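Colleague: predicted coordinates and the sequence they were generated for:
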Amino acid sequence: MRQIVLDTETTGLDWRNGDRVIEIGCVELLNRNLTGRHFHVFINPGRGIDAEAVAVHGITEEFLADKPRFDGIVGDFENFVRDAELVIHNASFDVGFLDNELKLLGRPTLDVLCAGVVDTLKMAKEQNPGKKASLDALCDRYEIDNGHRTLHGALLDAELLAEVYLAMTRGQESLIMTLEEEPPSVTGDLSGGAFERKPLLVLRASETELEAHDKVLAEISKANKGLCMWLPPEPAAA
């Protein structure tokens with residue numbers, strides 16, 4: 001099972017208003033283990049960045065001036081995430097922005113490119129209704145060190161989210177191991193001959209237990225006017 005934990009940073013809050021992706025960070029999970037492979041890139045959006053957004057991620061227009069446009073990195077991005085399941089916090093935000101970038105280039109969107117999306121924000125709200133579900137709050141809940149997260153950053157947030165996701169879904173490892181285990185082999189000759197089988201221990205009811213059983217059946221029959229499925233029907237009156 002290949003999963004890609006993904007995060008983006010953007011020029012603003014809404015791609016419908018012309019906001020663009022300026023950073024993508026991805027880390028790879030294979031069978032719930034971090035592989036060490038990652039994809040990280042800064043992108044020149046070709047437009048300004050909202051001051052509120054800069055306050056969140058600290059990425060400026062000057063910093064991005066010499067960075068590639070999205071069309072210059074799209075092939076590498078597609079190759080990294082292709083056929084994997086994406087794990088994203090508040091998935092509708094990142095998926096909306098990335099799908100917009102892909103559509104602008106006439107490329108397939110993420111629902112075609114990838115195997116599906118897991119939204120950890122939705123998962124956190126379902127697991128702990130009414131509790132804070134931000135990435136920082138989840139790091140606190142699962143005791144994951146995020147002291148170095150002074151600003152948002154796509155790769156850093158993806159790395160933290162990978163640890164959060166593994167903590168949130170802990171217990172699935174045993175399920176995967178069970179599914180991967182081979183069924184126990186049966187020893188002995190199965191080609192037609194008998195193989196050794198341990199004798200079964202048969203415990204028979206005592207006379208006292210049989211009498212108690214008959215008494216219970218009689219009480220059931222009396223309460224149901226002679227109808228008791230464990231007793232033969234009483235003969236009809238002549």
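Modeller: Okay, I see it.
Colleague: what comes up buried for the helix or strand harbouring residue 210?
Modeller: Assigned by DSSP states H and E, residue 210 belongs to helix 207-223. Buried residues in helix 207-223, counted by 16 or more other C-beta atoms under 10 Å: residue 221. Bear in mind the C-beta positions are built from the backbone N, C-alpha and C, glycine included.
Colleague: just the CA atoms of that helix, as CSV, please.
Modeller: The C-alpha trace of helix 207-223 is given here as CSV (Å, rounded to 0.1, in the frame of the first residue of the first chain):
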residue,chain,number,x,y,z
GLU,A,207,-28.8,-38.1,35.8
THR,A,208,-29.3,-35.0,37.9
GLU,A,209,-28.7,-32.7,34.9
LEU,A,210,-31.0,-34.8,32.7
GLU,A,211,-33.8,-34.5,35.3
ALA,A,212,-33.3,-30.7,35.6
HIS,A,213,-33.4,-30.4,31.8
ASP,A,214,-36.7,-32.4,31.6
LYS,A,215,-38.2,-30.2,34.4
VAL,A,216,-37.4,-27.0,32.4
LEU,A,217,-38.9,-28.4,29.3
ALA,A,218,-42.1,-29.4,31.2
GLU,A,219,-42.4,-25.8,32.5
ILE,A,220,-42.0,-24.4,29.0
SER,A,221,-44.6,-26.8,27.6
LYS,A,222,-47.0,-25.9,30.4
ALA,A,223,-46.6,-22.1,29.9
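Colleague: now that helix: average pLDDT?
Modeller: For helix 207-223, mean pLDDT is 80.
Colleague: repeat for stretch 19-26
Modeller: Mean predicted confidence for stretch 19-26 is 98.
Colleague: now do it: everything it contacts.
Modeller: With contact meaning C-beta atoms under 8 Å, 6 or more residues apart in numbering, stretch 19-26 is reached by 4-13, 38-47, 49-50, 57, 59, 64, 70, 73, 77, 80-81, 97-98, 101, 153-159.
Colleague: just how off-centre is the helix holding residue 210 within its chain?
Modeller: On the basis of C-alpha atoms, centre = their mean, to the nearest Å, helix 207-223 sits 54 Å off its chain's mean C-alpha point.
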